[in-house]
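**Q** With the input below, show me the fold.
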Amino acid sequence: MTSIRETPVRLTQFAHGGGCACKIPPGELEDVLGGLPQTLTFTSDTALLVGPATGDDAAVVTLPAQGDTAAQALVSTADFFTPVVDDPYDWGRIAAANALSDVYAMGGRPVVAVNLLAWPRDVLPFDLAREVLRGGLDVVAEAGCHMGGGHSVDDPEPKYGMAVTGLADPRRLLRNDTGRPGLPLSLTKPLGLGVLNNRHKATGERFEQAVATMVALNRDAAAAALDAGAVCATDVTGFGLLGHLHKLARASGVTAVLDKSAVPYLDGAREAVRDGYVSGGTRRNLEWVSPFTDFGDTDAHTRLLLADAQTSGGLLVVGEVPGAPVVGELVPRGPHSIVLR
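**A** Residues are numbered from 1 along each chain as shown. Have a look, this model is predicted:
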């Protein structure tokens, strides 16, 4: 099979950003959405359980009971981004795992996915696009999810991702607005993906530990969270741990106390920050959360790592998840969304 490691083409050089670091900054996005209605009401036998009001990971709509079939929840999401690594097959796998993660983060199981592909057809050969799609297909197959086609456009910048539809039990959803004081916080993947990906983009160095982390499905972590009785979670992606934690704390009306010494990091992450491989997205994340965060004596490098724009990161679960470190707890609402200790 063709691999980017056998060709001089470096996909990350065709993108202005990389992975989830190319998201519109959270503060700017909230300004855009601020003037729009949060819900639309229709005469229907369905109901919107999770919409844009809390900034959760996916939309959730109830499906009514049919005969002996209990009511179900339909989970819908879309996620795509520019190349985060140079290898097209790995990029496809990472983008697919990242898109599927939104369904897992709601406590659902993905049922069908469709590809979203933007490709500079006059610049990059289609055999690379085929490898991207092959990577996505392999991860969707691993998830036990149908692949139902998709949509493509000619675009100056390559982008890839998926729209995913899943099902969940409406009584066992994982939401970001159901956190309660007194519960611990667990993190199921280490941080540092953003700075390692940025170093890869700048130097061409390949970080196998980062790729392995990004292609790993959040399926087992979500199942473990549900089995443990969790009702509140989010995944950690482009807004960084601090950004997603702020959104969870704000939606739940609590303060999150984060034990910075308990947060796990990938090998090489601190060195990448030290050497300056920090994306603009990460710096914008930190700027956005700073007014809502009591950093205490946290050093500058740790602040950046906690705000690092992750791609296909882990789940942040309110509750204990077997095998995942406890990184903090929720307490009654105080003057800040997040307090670092």
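**Q** buried set for stretch 206-215?
**A** Neighbour-count burial for stretch 206-215, counted by 16 or more other C-beta atoms under 10 Å, picks out Phe207, Ala210, Val211, Thr213, Met214, Val215. For glycine as for every other residue, the C-beta is placed from the backbone atoms N, C-alpha and C.
**Q** just the residues you listed now: which is nearest Gly319?
**A** Using C-beta to C-beta, Thr213 comes nearest to Gly319 of these, at 21.8 Å.
**Q** Not counting sequence-adjacent ones, nearest residue to the closest one?
**A** Among residues not flanking Thr213 along the chain, Lys189 sits closest, at 5.6 Å (C-beta to C-beta, 6 or more residues apart in numbering).
**Q** and the gap between that neighbour and Thr237?
**A** To Thr237, Lys189 is 11 Å away according to C-beta to C-beta, to the nearest Å.
**Q** Looking at these two now, which is surrounded by more residues?
**A** Using other C-beta atoms under 10 Å, the more surrounded residue of Lys189 and Thr237 is Thr237, with 27 against 23.
**Q** Now list whatever residues contact both of Lys189 and Thr237.
**A** Residues within reach of Lys189 and of Thr237 at once, by C-beta atoms under 8 Å, 6 or more residues apart in numbering, are Gly313.
**Q** For stretch 54-65, output the C-alpha coordinates as PDB.
**A** What follows is stretch 54-65 as a C-alpha-only set of coordinates in PDB (Å, rounded to 0.1, in the frame of the first residue of the first chain):
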ATOM      1  CA  THR A  54     -24.800  23.700  26.400                       C
ATOM      2  CA  GLY A  55     -22.200  23.200  23.700                       C
ATOM      3  CA  ASP A  56     -22.200  19.500  24.100                       C
ATOM      4  CA  ASP A  57     -20.500  17.000  21.800                       C
ATOM      5  CA  ALA A  58     -23.500  16.000  19.600                       C
ATOM      6  CA  ALA A  59     -27.200  16.600  19.100                       C
ATOM      7  CA  VAL A  60     -29.600  14.100  20.600                       C
ATOM      8  CA  VAL A  61     -33.200  13.600  19.500                       C
ATOM      9  CA  THR A  62     -35.700  11.200  21.000                       C
ATOM     10  CA  LEU A  63     -37.300   8.500  18.900                       C
ATOM     11  CA  PRO A  64     -40.700   7.400  20.100                       C
ATOM     12  CA  ALA A  65     -41.400   3.800  21.300                       C
END
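**Q** What is the nearest of the buried residues of stretch 206-215 to Asp275?
**A** Closest to Asp275, out of all of these and judged by C-beta to C-beta, is Phe207, at 13.3 Å.
**Q** Contact partners for the closest residue in space to the closest one that isn't next to it in sequence?
**A** Of all residues not flanking Phe207 in the chain, Leu196 sits nearest, at 4.6 Å (C-beta to C-beta, 6+ apart). Shown in contact with Leu196 (C-beta under 8 Å, 6+ apart): Phe207, Gln209, Ala210, Leu266, Gly268, Ala269, Ala272, Tyr277.
**Q** Need the residues you listed in TSV (columns: secondary structure and distance to Ala324).
**A** As requested, the contacts of Leu196 are arranged in TSV below (DSSP: H, G, I helix; E, B strand; the rest coil; distance: C-beta to C-beta, whole Å):
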residue	secondary structure	distance to Ala324
Phe207	coil	22
Gln209	helix	17
Ala210	helix	19
Leu266	coil	15
Gly268	coil	21
Ala269	helix	18
Ala272	helix	23
Tyr277	coil	26
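**Q** Could you dump the residues you listed into a markdown table with pLDDT and distance to Ala58 added?
**A** What follows is the contacts of Leu196, written out as a markdown table (pLDDT from 0 to 100; distance: C-beta to C-beta, whole Å):
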| residue | pLDDT | distance to Ala58 |
| --- | --- | --- |
| Phe207 | 97 | 29 |
| Gln209 | 98 | 28 |
| Ala210 | 98 | 25 |
| Leu266 | 98 | 26 |
| Gly268 | 98 | 31 |
| Ala269 | 98 | 28 |
| Ala272 | 98 | 30 |
| Tyr277 | 97 | 31 |
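**Q** Need the max-distance pair from those.
**A** Gln209 and Tyr277 (15.3 Å).
**Q** The residue nearest to the spatial centre of the chain and Gly51, how far apart?
**A** The centroid of the chain falls nearest to Thr237 when counting by C-alpha atoms, centre = their mean (3.2 Å). Going from Thr237 to Gly51 by C-beta to C-beta gives 19 Å.
**Q** circling back: pLDDT score for the residue nearest to the centre of the chain?
**A** Looking at Thr237, its pLDDT reads 95.
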